[in-house]
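Engineer: below is the sequence, then the predicted model.
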Amino acid sequence: MVIKMIDYGNLMHDAMRGLIQSLLQDIASAGELPGDHHFFITFDTMHPDVEIADWLSDRYPEEMTVVMQHWFENLEVTDEGFSVTLNFGDNPEPLYIPFMSLRTFVDPSVEFGLKFEQQDDDEKHNADIEKLPIAEAPMHENAKEKEKLTTEAEVVSLDSFRKS
């Protein structure tokens, strides 16, 4: 098998989903969040495998942010996603959120956040058909900026982002 191009974007997203999966598995085992940790999880409600109550999908037709903090039940984690029961105005509602539907995952207690870039269906379809080098890729609104970034890469140390 010949690799034409390394897809760092998808590799990074897979690693980030794996991190969230591992974290949620630890929380499920412990039965609670440690310390002041809490999560804001935004997901695509239109993803075909998302399972939420009809009234929630009517209220949040594109995306929804849920908070896991003081009260949650039945957290179960699989390789594909997680299910959890959360409280919406004193109404417990079960949810199933596939990892592929995630848009953001934030733990504000430690200023940690992950954002998943979204591709529209045409971009995803084209990417699946053929991996093109950036110079041959179809033009888009940020093409010049992306071209500049590919020729002027800069390595940044993660230490510069750490709290003292």
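Structural biologist: Noted; the coordinates are in hand.
Engineer: list the buried residues in the longest helix along the chain.
Structural biologist: When the chain is scanned for its longest helix (criterion: DSSP state H), the result is helix 8-30. For helix 8-30, burial by neighbour count (16 or more other CB atoms under 10 Å) applies to 13, 16-17, 20-21, 24, 27-28. All C-beta atoms are positioned from the backbone trio N, CA, C, and that covers glycine.
Engineer: how close does the spatially closest residue to residue 71 that is not a sequence neighbour sit to residue 38?
Structural biologist: What sits nearest to residue 71 in space, not counting adjacent residues and going by CB to CB, 6 or more residues apart in numbering, is residue 87, at 5.3 Å. With distances defined as CB to CB, to the nearest Å, the gap from residue 87 to residue 38 amounts to 14 Å.
Engineer: quick one: low-confidence parts of this protein?
Structural biologist: Along the chain, the parts satisfying pLDDT under 70 run over 119-164.
Engineer: tell me which of the buried residues of helix 8-30 is nearest to residue 4?
Structural biologist: Minimum distance to residue 4 across those is 19.4 Å, recorded for residue 13 (CB to CB).
Engineer: show me what contacts the nearest residue to the closest one once chain neighbours are set aside?
Structural biologist: In this structure, residue 13 finds its nearest non-sequential neighbour in residue 116, 5.7 Å apart by CB to CB, 6+ apart. Under the criterion of CB atoms under 8 Å, 6 or more residues apart in numbering, the neighbours of residue 116 are 13, 16, 102-104.
Engineer: rerun that using 6 Å as the cut-off
Structural biologist: Residues touching residue 116, when contacts are defined by CB atoms under 6 Å, 6 or more residues apart in numbering, comprise 13, 102-103.
Engineer: thank you, goodbye.
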